[in-house]
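**Student:** next input, structure requested:
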Amino acid sequence: MKKHLLQFLILLLIGFAVPATVMAQQNFANVKVDELSDAQVLKVIKDAEAMGFTSPQQLEQMALTRGMKPEEVQKFKLRAEKLKAQGGAVQTNSTTNSTGRELSETTQGGSLTNEKRTDEEEKGPKIFGSELFKNGNITFEPNLRIATPRNYVVGPDDKLIIDLTGDNEVNYNLTVSTEGIISLPYVGRVAVGGLTIEQASAKIRSAMLRTYPALASGRTSLAINLGNIRSIKVTITGQATKTGTYTLSSLSSVYNALNAAGGPSANGSFRNIQVIRGNRIVATIDVYDFILKGLQTNNIRLQDQDVINIPTFDKRVEVAGEVKNPAFFEVVKGETLRNVIDFASGFTTEAYTAKIKVFQNTAKERRISDISDAEFNTYSPQNGDKFIVEAILERFENRVEITGSVFRPGVYELEKGLTLKALITKADGLTEDAFLNRGYINRLNPDQTASLISFDVAKILAGTEPDIALLREDKITISSIFDLREEYTVSIQGEVRAPGSFQYADNLKLEDLIQMAGGFKEGATPNRIEVARRVRNADPTSKKAQTATLFTLNVDRDLKLTTDTFTIQPFDIISVRSSESYTVQRQVKLEGEVLYPGLYTIANKDERISDLIKRAGGLTVYAYADGASLKRPGAEKVNPNDKNAINTKDEDDKKLLGLKRAQEAGVKDTLAVDIEQKLIQSDLVGINLVRILDRPQSKYDILVEDGDIIRVPKQLQTVKVTGEVLSPNSIVYLPGKGL
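**Tutor:** Got it, this is the predicted structure:
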């Protein structure tokens, strides 16, 4: 798949040199940048630069015109910028760095960097070390910005840069042939293959002395450096994630090759990776040294035709539970359980470290063993062992607790010989409200049942009663006096600004409570304040048993301090009456066909409907007095959320009409029945305004009350027909015309 994508992009770049008509015929909408390796991305960039397209804007514009998705173009751009910022660490064909050193194309660079993990890799405990080669942030790329290593072995395709300065000024860029030979002008052929760069430099210098004698005197200086770095072939066998032959930089080490192959597979060893050169094991790699200590022991530089063999693991164990890094760990000869615990980064803070359970495999079945902490340094793990580190118990070996009326309630250490009195002292003593007559200890018996031990708090502290030795998990409770009685309150109601219940306090005076309630209202009378007090010793057998003691008191309206004051007791109820001579204004509303509708204040207690109509200027010429109504809140108020309640003028009219029809008709029709049901819950009062105006002050002329609404409708000229008729509607009223 990657090859196809690379071909797409190369064709894209080649297309830069062809006419636009040809380019338009090619489509690169399916290119996925995420599926290209870093080496492939850099190769595409280099090929484009070789064709003269060095501007990122040129590349971006041409890619878009060829059908590449904008998001893929952006990804490619970001990848390219990132790789350039890293100094071209991934090998490509002739990518020149700041040292003048060039690289051949390789297949290294983290083959699994851009591939997603399979579901199997994500399930279950991880294999310790496997994430090292599957982490895209770790690439193990060789550093090309270093001086040529003196032990670097020169081979075919290496480019040697030879500089002569001084009496002789000359520069040569020579490529080592497949036979390991370079051809120096005026010097001849020099065999350097298989030599270290240090040995090759000495041999070249010796050969050039015959042509450049100034080298011997020092008037001419010679510098030999490595230019183009050749590619080498390395084969990875055994239990690698992806075995095969890899083309790598000649500066690559073992970790570079392992990273390219994705590291060991699920059955591969991380502790015994072998480097084979010339049918001989030249190095053995233990990846744990790098993971745990950062050491790259035996991470030697690879040579052409090296073989890296990853054998299967010999011994692997699992650590689960309360360790910081649970996983599968590979164990080698000589390592103990203590080493395995160190591999797992040690215990968590909640670990039970006195003993570890191990599940082992026998020839026939499984068995379980307990390993004490004294055996951690001697127990040799076996293949397939599973170590379970459990959590500590939610149990305290030396805890006691004290609650209630002490200054520092809480849990305390059960020291040897700790007594009840000593614990109270450790809790900084009793608070002022402590109940001294009795306290108690909740104690756990050996069988985990509970028992209770009572004690006299005052006598324990005074030393007149034997002290009590405390045991583990004892819980001492010392109550407050307020916990053992009903909460003391008093209440005040009536003509005060903030009536309600208040906390009782000793020596609470009546005037104090009135002040706490915000003082008197304007209409309050301070001369008849009633106090109702509970009766505690009433005779339950007497029919005339007193249920409350009543006091009628006079208080100074300004609440001045006096010596003769009444003291309140718990649960007293104080009632402040309103003044008999104080009346709050009351209002009535007039609506409809009166000359001056609106709100009217009742002038006296004997004011009637006729008086109010007169104050409003009387009826207009369009008034329909027979339809007048009086709405009076009171008796049974209608639910304000009831959508069927009669509250509108039309409904009031229907109600009055229904009332008359119900009185006059012998049989109730549907409308009358419905309206009569609503009348039961309504607040309308039946009035006859015609009679009221004809006979003022009569029995028909009733007294008005606060909140009354008197409505005088306009005379109608239509008759509405509704109910069980074929066509309900309104028709013009014609005097004398029958039903």
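**Student:** secondary structure class for Arg338?
**Tutor:** The three-state label given to Arg338 by DSSP: H, G, I helix; E, B strand; the rest coil is helix.
**Student:** state whether it and Ala374 are indeed in contact, as I suppose.
**Tutor:** No - between Arg338 and Ala374 there is no contact under Cβ atoms under 8 Å: 11.2 Å. For every residue, glycine as well, the C-beta is placed using N, CA and C.
**Student:** so which of the two has more stuff around it?
**Tutor:** More neighbours surround Arg338 than the other of Arg338 and Ala374, with 14 against 10 (other Cβ atoms under 10 Å).
**Student:** check contacts around the more buried one.
**Tutor:** Applying Cβ atoms under 8 Å, 6 or more residues apart in numbering to Arg338 gives the contacts Phe376, Asn377.
**Student:** after the helix or strand bottoming out on mean pLDDT in the chain comes which helix or strand?
**Tutor:** For the chain, scoring each helix and strand by mean pLDDT, DSSP states H and E identifies helix 20-23 as the least confident one, at a mean of 36. Once the chain leaves helix 20-23, the next helix or strand it forms, by DSSP states H and E, is helix 38-50.
**Student:** just checking, what packs against that following helix?
**Tutor:** On a contact count with 3 or more Cβ pairs under 8 Å, 6 or more residues apart in numbering; DSSP states H and E, helix 38-50 meets helix 2-14, helix 70-85.
**Student:** hey, least reliable of those by pLDDT?
**Tutor:** Least confidently modelled of the helices and strands packed on helix 38-50 is helix 2-14, at a mean of 47 by mean pLDDT.
**Student:** output the below-cut-off pLDDT ranges for the stretch 551-700 of the chain.
**Tutor:** For the stretch 551-700 of the chain, applying pLDDT under 70 flags the ranges 634-682.
**Student:** quick one: the helices in it?
**Tutor:** Counting by DSSP state H, counting those that start in this stretch, the stretch 551-700 of the chain has helices at residues 609-615, 649-664, 670-681, 689-694.
**Student:** measure stretch 418-433 end to end?
**Tutor:** End-to-end distance of stretch 418-433: 25 Å, with Cα to Cα, to the nearest Å as the criterion.
**Student:** cool, stretch 404-414 as well?
**Tutor:** Using Cα to Cα, the distance between the terminal residues of stretch 404-414 is 19 Å.
**Student:** would you map the strands across the stretch 551-700 of the chain?
**Tutor:** Applying DSSP state E, counting those that start in this stretch to the stretch 551-700 of the chain gives strands spanning 573-576, 587-592, 598-601, 629-631, 684-685.
**Student:** packing partners for the last one?
**Tutor:** Translated: strand 684-685. Here strand 684-685 touches strand 629-631, helix 649-664, going by 3+ Cβ pairs under 8 Å, 6+ apart.
**Student:** how far does that strand sit from the chain's center?
**Tutor:** Relative to the centre of its chain, strand 684-685 is centred 62 Å away, using Cα atoms, centre = their mean, to the nearest Å.
**Student:** Asn437: which element?
**Tutor:** Of the helices and strands defined by DSSP H and E, none includes Asn437.
**Student:** domain ranges for the protein?
**Tutor:** Annotated domains of the chain cover 2-85, 159-226, 234-310, 316-389, 399-484, 489-538+545-576, 587-732 [automatic domain parsing].
**Student:** check what pLDDT the spatially most distant residue from the centre of the chain gets.
**Tutor:** Residue farthest from the centre of the chain, counting by Cα atoms, centre = their mean, is Gly736 at 82.2 Å. pLDDT for Gly736: 71.
**Student:** pretty sure Ala327 contacts Glu131?
**Tutor:** No - if you go by Cβ under 8 Å, Ala327 and Glu131 don't touch, sitting 9.4 Å apart.
**Student:** which one of the two has more residues nearby?
**Tutor:** Ala327 (19 against 15).
**Student:** count the neighbours of the closest residue to Arg691 other than its chain neighbours for me.
**Tutor:** Counting by Cβ to Cβ, 6 or more residues apart in numbering, Arg691 lies nearest to Tyr700, which is 4.6 Å off, once chain neighbours are set aside. Look at Tyr700: counted by other Cβ under 10 Å, it has 18 neighbours.
**Student:** pretty sure Tyr700 is touching Asn688, no?
**Tutor:** Yes - counting by Cβ under 8 Å, Tyr700 touches Asn688, with 5.6 Å between them.
**Student:** need the three-state assignment for Thr541.
**Tutor:** coil.
**Student:** residues contacting it?
**Tutor:** Thr541 touches nothing, counting by Cβ under 8 Å, 6+ apart.
**Student:** ok, now how distant is it from Thr549?
**Tutor:** Applying Cβ to Cβ, to the nearest Å, the value for Thr541 to Thr549 is 19 Å.
**Student:** likewise for Ile388?
**Tutor:** Computed as Cβ to Cβ, the Ile388 to Thr549 distance reads 75 Å.
**Student:** ok, the two, which is more surrounded?
**Tutor:** Neighbour count, other Cβ under 10 Å: between Ile388 and Thr549, Ile388 has more, with 17 against 14.
**Student:** what is Lys589 paired to in the beta sheet?
**Tutor:** On the basis of DSSP bridges, Lys589 is bridged to Leu599, Ile709.
**Student:** surely Ala261 meets Thr241?
**Tutor:** Yes - the criterion here is Cβ under 8 Å, and Ala261 meets it with Thr241 at 6.0 Å.
**Student:** wait, doesn't Val490 sit right on Thr567?
**Tutor:** No - using Cβ under 8 Å, Val490 is not in contact with Thr567, being 11.1 Å away.
**Student:** which one of the two is surrounded by more residues?
**Tutor:** Val490 (21 against 11).
**Student:** contacting residues for Gly617?
**Tutor:** Counted by Cβ under 8 Å, 6+ apart, Gly617 has contacts Val594, Leu595, Tyr596.
**Student:** taking those, please make a ChimeraX selection of just the buried ones.
**Tutor:** The buried residues among the contacts of Gly617 can be selected in ChimeraX (16 or more other Cβ atoms under 10 Å) with this line:
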select :594
